[in-house]
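J.: A predicted structure for the sequence below; I have some questions about it.
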Amino acid sequence: MPSLTLPAPAKLNLMLHIVGRRADGYHELQTLFQFIDHADQLRFQARDDGEIRLHSDIAGVPHDDNLIVRAARALQQHASCPLGADIWLDKRLPMGGGIGGGSSDAATTLLGLDHLWQLRSSEDQLAELGLTLGADVPVFVRGRAAFAEGVGERLQPVELEEPWYIVVVPQVSVSTAEIFRAPELTRNTPAITLHAVLERGGHNDCQPVVEQRYPEIRNALILLNKFTSARLTGTGGCVFGSFPSKSEADRVAAQLPASLPGFVAKGSNISMLHRTLRSLT
Ligand SMILES: C[C@](O)(CO)[C@H](O)COP(=O)(O)OP(=O)(O)OC[C@H]1O[C@@H](n2ccc(N)nc2=O)[C@H](O)[C@@H]1O
Ligand SMILES: Nc1ncnc2c1ncn2[C@@H]1O[C@H](COP(=O)(O)OP(=O)(O)OP(=O)(O)O)[C@@H](O)[C@H]1O
């Protein structure tokens, strides 16, 4: 049976404004997504009996709840595909870190199995299917750095600088739902244009809430701020800062305490997944 190995890279939210709330409770955002070259790895092998089997456990996530399995089944159903898959995951991205690991795994599964099963679904179809799995899945399906509005589904591709980042991983997991439920969260930041974001930057409305509730994350921000302007990604807990070169980023990373693990990765406007898929065709 044919097999395929693909990366599921992380994203950063370079800014994240909350501009309103929908009737269903979901928040309307304006956010700038960029990918980084730091990724989970997934291997897919087709099966002819229609079974979907993920052979790698994630602590605390039952097999059938894993976004990889849910994405595979959603695609199978959408395309009425009789094939199945064995799937192996090498988990390298921290969970609950705000760098989108679960969403990226789901997107890689949609694109990987679409390729392996030769379904030839359109990018629009896969992005729509992805949105049913999570608000961040469509940007990973499309694989281009983007300004996102709505709950993250209205995407405008953007060309950004591609600096090197340090991503610090405080050893706490933040629940996205908890931060969006917080009464003190700012939900009425005035909407701005993409032009204004690119010219003046922005901020992350979740950051004050997370800093107040998680002292470890506040400390990480204080520490990284000594070297560069540090910010929270998504609802946290990862914190990042940018540097003009890998050597600069490595030099600063070497000075961070062992209690604050992290990694250095290059920013990218085209995700590693899409670069890998292009090299296959
Ligand atoms: C914060 C971001 O990471 C920014 O990229 C995303 O908007 C979150 O995306 P995600 O992790 O895919 O989130 P989902 O799994 O769709 O939602 C988790 C929970 O967060 C809340 N949620 C999420 C996204 C959103 N725009 N408004 C919300 O209120 C909802 O309570 C939801 O039940
Ligand atoms: N394949 C998967 N990888 C990681 N988490 C998964 C996966 N499948 C389901 N989950 C569940 O999703 C939760 C969120 O995981 P994820 O790593 O995507 O968080 P995140 O980086 O904070 O995401 P986001 O930036 O989208 O908020 C996990 O705590 C876990 O319960």
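T.: Yep, it's here. Ligands and ions are numbered 1, 2, ... in the order given.

J.: not including adjacent chain positions, what is the nearest residue to Gln185?
T.: If you look again at residue 185, you'll see it is Leu, not Gln. Of all residues not flanking Leu185 in the chain, Val209 sits nearest, at 5.2 Å (C-beta to C-beta, 6 or more residues apart in numbering). For glycine as for every other residue, the C-beta is placed from the backbone atoms N, C-alpha and C.

J.: distance check, the one you found against ligand 2.
T.: 14 Å (C-beta to the nearest ligand atom, to the nearest Å).

J.: so that residue, which state does it fall into?
T.: Reduced to three states with DSSP: H, G, I helix; E, B strand; the rest coil, the structure at Val209 is helix.

J.: could you measure from Leu4 over to Gly102?
T.: Relative to Gly102, Leu4 is positioned 20 Å away (C-beta to C-beta, to the nearest Å).

J.: more neighbours: which of those two?
T.: Using other C-beta atoms under 10 Å, the more surrounded residue of Leu4 and Gly102 is Gly102, with 23 against 18.

J.: for the more buried one, what are its contacts?
T.: 67, 95, 134 (C-beta atoms under 8 Å, 6 or more residues apart in numbering).

J.: narrow those residues to those that are buried.
T.: Buried members of these, scored by 16 or more other C-beta atoms under 10 Å, are 67, 134.

J.: looking at the contacts of Gly102, which is nearest ligand 1?
T.: Of all the contacts of Gly102, ligand 1 sits closest to Gly134, with 3.2 Å by C-beta to the nearest ligand atom.

J.: ok, longest strand in this structure?
T.: If you go by DSSP state E, the chain has its longest strand at strand 27-47.

J.: name every strand pairing with the helix or strand that it is followed by and say which way it goes.
T.: Remark: after strand 27-47, the chain's next helix or strand is strand 52-54, criterion DSSP states H and E. According to DSSP bridges, strand 52-54 has the following sheet partners: strand 84-90 (parallel).

J.: the helix or strand following the partner strand close to ligand 2?
T.: For strand 84-90, the succeeding helix or strand toward the C-terminus, using DSSP H and E, is helix 101-116. Yes: on the criterion C-beta under 6 Å from any ligand atom, helix 101-116 is in touch with ligand 2 at 101-103, 105.

J.: how near is the residue of the chain found nearest ligand 2 to ligand 1?
T.: Closest contact between the chain and ligand 2, by C-beta to the nearest ligand atom, is at Gly102 (2.8 Å). In this view, Gly102 and ligand 1 are 7 Å apart by C-beta to the nearest ligand atom.
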